[in-house]
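S.K.: Give me coordinates for this.
(one chain, ligands or ions: 1)
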Amino acid sequence: MKKVYIETLGCQMNKSDAERMYGMLEHQGYTQTDEPRDADMLVINTCSIRQLSEDKAYSQIGVWGKWKKNRPDLKIVFAGCVAQQAGEKLFRRAPYVDLVLGTQRLYELPELVKRIENGERVVSIEEKPYEESDIQINRVKSVNAWVPIMEGCNNFCTYCIVPYTRGRERSRKPELILNEIKKALNEGFKEITLLGQNVDSYGKDLEPHQNLSWLLRQINALEGKFRIRFVTSYPTDITEELIDTVIELDKVCEYFHIPMQSGDDYVLKKMNRRYDYATYKKICENIRSRIPDVTITSDFIAGFPGETEKQFQNTLRAMSELELDYSNTAAYSPREKTVAAKWVDLYIPEDVKTDRLARLNEHNRECCLKSNQKYVGREMEVLVEKLENHDGQSIITGRTRNNKIVHIPYDKDITGEFINVKITSARTWYLRGEMIN
Ligand code: SF4
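M.R.: Coordinates of the predicted model:
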């Protein structure tokens, strides 16, 4: 059998795409290998959210291109967001690549692989979603199955490349989503995470219209004990109905990921985010007042073009004032085609961005520890994810419903079980606990 190796960079959507690629390629007679040197086909699933990821993708195929000199039959596939942008141009830069596969052509992979096996070199990046069929998915062994429910984005935040690489919002058909979830549950997965750039926009483009609350109800009605999560939420798309649904449905976890990006109103406007700080705060307070123990996480950018020190301080203040449980942070990275990338005169010097990012991270650490300390002494349900050895001690790690990581001393592999745990102490990034009999 031929072997395929897939290198995945970037977000969970890319990881989910890789699971789909493996599934489709298995049907084509390929087996999965973790050793790129053994592979007959090498696939890089690229990310363009930051320059660093893009550079990494080009550097990786440069290495593979050298291998191909001695192995002319080796097939190289360049997929994902960078591929979507590069298109035909990639063949000039990397003449050893056989296939450039855009983000909306994923399900065309089996046909395209046949063509490259016959010696063709193919670019497939047309921005027209390829009709999805009910395919096999080779999921990474875990308790959590990631299930995309929609793709693309209509928001055009001025710093973000996603609308250019993933296209406009498109919801997957509910029957495909439900079938995929049923299969994952039959395979033993215990947690379903619904994935999308803006999950709260789910269903607006479907006929008849549906919404995320409706979809959550369909999933919650499936048999068995399992959990449901959803990421990512655009702040102003979170409706009262959605909050009600989270409260009402027993399988839906108390967790929201709501990127704020900046705590300063002027910067938010320049980012083309459609809310101000007061609005975000109100949304957060509303969720917290209605859902006890809810975890709210966020994303922030340090050093957006033109951001002053005072404006940056507003972000630090916002993070603390709202007691965010955790935040993903990044320094601003200009992305070609986006509006903000053109504001070269307003770029913040690298050393200032680095300093702001460090301070943002310090604040984030303080917020996380404070958030974790709230749970010491409490009893919580944990879904066990794995058994590990930490410096000679056997530890099982898992997550609470509100997405807190918990370490528990225990020496048997009970991955996939729901257990009750008493939290004994809090660290910055995780809790420690003991099992309750
Ligand atoms: S809402 Fe998210 S995905 Fe869409 S443009 Fe803004 S940052 Fe990018």
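S.K.: Domain-wise, how is the protein divided?
M.R.: Domain ranges of the chain: 2-124, 144-373, 379-435, per automatic domain parsing.
S.K.: Check P110 and give its pLDDT.
M.R.: According to the prediction, P110 has pLDDT 91.
S.K.: the strands in the stretch 301-437 of the chain, which residues?
M.R.: Using DSSP state E, counting those that start in this stretch, the strands assigned to the stretch 301-437 of the chain run over residues 326-331, 379-390, 393-400, 405-409, 418-426, 431-435.
S.K.: Could you dump those strands into a markdown table and include distance to the ligand and mean neighbour count?
M.R.: No exception for glycine: its C-beta is placed from N, CA and C like everyone else's. Below are those laid out as a markdown table (distance: least, Cβ to the nearest ligand atom, whole Å; neighbours: other Cβ atoms under 10 Å):
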| stretch | distance to the ligand | mean neighbour count |
| --- | --- | --- |
| strand 326-331 | 11 | 18 |
| strand 379-390 | 27 | 16 |
| strand 393-400 | 24 | 19 |
| strand 405-409 | 25 | 19 |
| strand 418-426 | 31 | 17 |
| strand 431-435 | 30 | 19 |
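S.K.: any chance of these in a markdown table, with distance to A145 and mean pLDDT too?
M.R.: As requested, the strands of the stretch 301-437 of the chain are exported to a markdown table (distance: least, Cβ to Cβ, whole Å; pLDDT from 0 to 100):
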| stretch | distance to A145 | mean pLDDT |
| --- | --- | --- |
| strand 326-331 | 22 | 97 |
| strand 379-390 | 13 | 96 |
| strand 393-400 | 14 | 97 |
| strand 405-409 | 18 | 98 |
| strand 418-426 | 16 | 98 |
| strand 431-435 | 24 | 97 |
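S.K.: Now distance to V267 too, for the ones you listed, in JSON lines please.
M.R.: Formatted as JSON lines, the strands of the stretch 301-437 of the chain follow (distance: least, Cβ to Cβ, whole Å):
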{"stretch": "strand 326-331", "distance to V267": "14"}
{"stretch": "strand 379-390", "distance to V267": "37"}
{"stretch": "strand 393-400", "distance to V267": "33"}
{"stretch": "strand 405-409", "distance to V267": "31"}
{"stretch": "strand 418-426", "distance to V267": "32"}
{"stretch": "strand 431-435", "distance to V267": "34"}
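S.K.: The domains of the chain: which one's closest to I135?
M.R.: domain 2-124 (5.6 Å; Cβ to Cβ).
S.K.: what about this structure, any weak spots by pLDDT?
M.R.: For the chain, applying pLDDT under 70 flags the ranges 129-130.
S.K.: near the ligand, which residues of it?
M.R.: Neighbours of the ligand within the chain, by Cβ under 6 Å from any ligand atom: 153, 155-157, 160, 162-163, 197-198, 234.
S.K.: Give the ChimeraX command for selecting the buried subset of these.
M.R.: For the buried members of those, the matching ChimeraX selection, counting by 16 or more other Cβ atoms under 10 Å, is:
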select :153,155,157,160,162,163,197,198,234
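S.K.: which one of the residues of the chain next to the ligand is nearest S320?
M.R.: Distances from S320 to the residues of the chain next to the ligand, taken by Cβ to Cβ, are shortest for Y234, at 23.0 Å.
S.K.: what residues are up against that closest one?
M.R.: By Cβ atoms under 8 Å, 6 or more residues apart in numbering, Y234 lies in contact with 155, 198, 200-201, 258-259.
S.K.: quick one: which of these is nearest G80?
M.R.: Nearest member of the contacts of Y234 to G80, counting by Cβ to Cβ, is N198, at 19.3 Å.
S.K.: so what's that closest one closest to, chain neighbours aside?
M.R.: Closest residue to N198 apart from its sequence neighbours, by Cβ to Cβ, 6 or more residues apart in numbering: Y234 at 4.7 Å.
S.K.: what's the answer for I177, then?
M.R.: I149 (5.5 Å).
S.K.: Quick check: phi and psi on the one you found?
M.R.: Dihedral angles of I149 (phi, psi; degrees, to the nearest 10) stand at phi -110, psi -20.
S.K.: Could you do F300 as well?
M.R.: Dihedral angles (degrees, to the nearest 10) for F300: phi -140, psi 150.
S.K.: Any idea what it is bridged to?
M.R.: Q261, T329 (DSSP bridges).
S.K.: So it versus the ligand, what's the distance?
M.R.: To the ligand, F300 is 12 Å away according to Cβ to the nearest ligand atom, to the nearest Å.
S.K.: just I219 next, same as before
M.R.: 23 Å.
S.K.: Next SSE downstream of the strand or helix carrying that residue?
M.R.: Taking DSSP states H and E as the definition, I219 sits inside helix 212-220. Note on helix 212-220: by DSSP H and E, the next helix or strand toward the C-terminus is strand 227-231.
S.K.: Report the buried residues of stretch 42-51.
M.R.: For stretch 42-51, the buried set under the neighbour-count rule, 16+ other Cβ under 10 Å, comprises 42-50.
S.K.: and which of the residues you listed is nearest to L222?
M.R.: N45 (29.4 Å).
S.K.: Contact partners for that closest one?
M.R.: Contacts of N45 by Cβ under 8 Å, 6+ apart are 6-10, 14, 17-18, 21, 79-80.
S.K.: ok, those residues vs V113, which is closest?
M.R.: M21 (9.8 Å).
S.K.: OK, contacts around that closest one?
M.R.: 6, 43, 45, 79, 106, 109.
S.K.: Name the residue of the stretch 201-350 of the chain that lies nearest to the ligand.
M.R.: Y234 (5.4 Å; Cβ to the nearest ligand atom).
S.K.: Going along the chain, name the helices of the protein.
M.R.: Counting by DSSP state H, one finds helices in the chain at the ranges 12-27, 51-70, 81-86, 89-93, 109-117, 162-165, 174-186, 212-220, 240-248, 265-270, 277-290, 309-321, 350-373.
S.K.: Can you give me the neighbour number for L112?
M.R.: 19 (other Cβ atoms under 10 Å).
S.K.: got it, and V100?
M.R.: V100, neighbours per other Cβ under 10 Å, totals 25.
S.K.: who's in contact with it?
M.R.: Counting by Cβ under 8 Å, 6+ apart, the residues that V100 touches are 78-79, 83, 86-88, 90-91, 122-125.
S.K.: again with A86
M.R.: Here A86 is in contact with 78, 93, 100 (criterion: Cβ under 8 Å, 6+ apart).
S.K.: again, only this time at 7 Å
M.R.: V100 (Cβ atoms under 7 Å, 6 or more residues apart in numbering).
S.K.: T46 versus that one, what's the distance?
M.R.: Counting by Cβ to Cβ, to the nearest Å, the gap between A86 and T46 amounts to 9 Å.
S.K.: One more: M13?
M.R.: M13 is 12 Å from T46, by Cβ to Cβ.
S.K.: what do you get for P36?
M.R.: 15 Å.
S.K.: One more: E120?
M.R.: Looking at E120 against T46, where the rule is Cβ to Cβ, the gap reads 21 Å.
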